[in-house]
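> sequence plus predicted model, see below.
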Amino acid sequence: MPVKSNSQYSLRLNTYFDGKGRVFPLLSLIILAVFTPLAIKNLIIGEHALGTLILIFVCAFIADAHALIKGRALPIHEHIIATLAISCVALSLFTLGAGTIFWVFPVSIIISFAFPLATSILFNCALLLTATTYVFLNYDMADALRFFFAYLLTACSVHLLLKHIDALHTLLKEESSKDALTGALNRRQLNLFLKDALANKVHYHYDSTLIMIDVDHFKQINDVYGHAKGDEVLINLVSDIREQIRETDLLFRVGGEEFVVLLPNTDLKTAQKVAQKLRANIKSLALLDNQTITVSLGLCASADDLTQTKWMNCADKALYAAKQRGRDRVCQYNLHHNRIEDVAA
């Protein structure tokens, strides 16, 4: 099976930080520093059930936080963590009394920020039901209603804020991964996908092939027609390339008029056909009035002993050879014989 990204976990904060931020170590320290003394205190005063439950919650949270920091799957499902947190609050209310009602608010906020929207709404409703039941049984009606509406306002405000943050995060992530002009993926994303492709080659023997594409005489297009027209050519070029490749293939812009297509699970022979198809189709397009636009292409397939840098360099050498040998052609880097070869049309 192909290598999967380690950042694809369900926790909201891990989505924001891709498991690399400092949020989980810091949050873990806060949980440890605040709740461990509470657990010990309850064990000392004879509230063994509550003290034990709080310790279980702390250990479970720390276990998941450690797994996320290490880029591993969650050992304990987030629903169990949220259930433990609510159970701690509920048991505190019904054993220690009204003085623990204030814990409802920080626990609600932690659940909202830590878990996905659907999970946080579900468990906030459960927490609201538990706490409201207690206050209506132990407070007068006016105070109970004040608590109910204060909690409801807090939870709704936090969720509306988080919904807005989610939208901004999605937009920021998209903008940081794509080229602003063409919408192709950027160089940073290329490095990530190259790493996965090479790992798939080593571990699962899945071939992948790079196609490096450069627009021939692009400087002349900018000089004669202007940069706005040149940008239009690039935008239309990217649109056409996307139509010619599979949904699983990836297109990156790595320079002014230079692009890379990564063909996952594709051997060199198949990539040769794809490259020639791209070359011929681009040449037939009316990308520029009264002038044919051509591209040169360089191929290089993956290998067990390749690094990302060497793989890119080999594809770049093949592209350079295609330029030197007359442009509007495809060349490939033969790793077995350490030489550049023409690819027949």
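Perfect, I can see it now. Numbers count the residues shown, from 1 in each chain.

> most distant residue from the middle of the chain?
residue 140 (49.1 Å; CA atoms, centre = their mean).

> how is this protein partitioned into domains?
Domain segmentation of the chain under automatic domain parsing yields 12-177, 187-342.

> centre of the chain versus the first one, how much separation?
Centroid separation between domain 12-177 and its chain, computed with CA atoms, centre = their mean, to the nearest Å, is 24 Å.

> repeat that for the last one.
What separates the centre of domain 187-342 from the centre of its chain is 25 Å, taken as CA atoms, centre = their mean.

> got the contact list for stretch 249-264?
For stretch 249-264, contacts defined as CB atoms under 8 Å, 6 or more residues apart in numbering pick out 2, 179, 181-182, 184-187, 189-190, 193-194, 197, 200, 206, 208-215, 218, 230, 234, 237-238, 241-242, 245-246, 248, 266, 270-271, 274, 278, 312, 315. Yep, even glycine has a C-beta here, placed from its N, CA and C like the rest.

> list the buried residues in that stretch.
Of all the residues in stretch 249-264, those buried under the rule 16 or more other CB atoms under 10 Å are 249-254, 257-264.

> I'd like the residues you listed as a markdown table, with secondary structure, distance to residue 25 and pLDDT appended.
Formatted as a markdown table, those follow (DSSP: H, G, I helix; E, B strand; the rest coil; distance: CB to CB, whole Å; pLDDT from 0 to 100):
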| residue | secondary structure | distance to residue 25 | pLDDT |
| --- | --- | --- | --- |
| 249 | coil | 38 | 96 |
| 250 | strand | 33 | 97 |
| 251 | strand | 37 | 97 |
| 252 | strand | 33 | 97 |
| 253 | strand | 36 | 97 |
| 254 | coil | 35 | 95 |
| 257 | coil | 44 | 96 |
| 258 | strand | 40 | 97 |
| 259 | strand | 40 | 98 |
| 260 | strand | 36 | 98 |
| 261 | strand | 39 | 98 |
| 262 | strand | 34 | 97 |
| 263 | strand | 39 | 97 |
| 264 | coil | 34 | 95 |
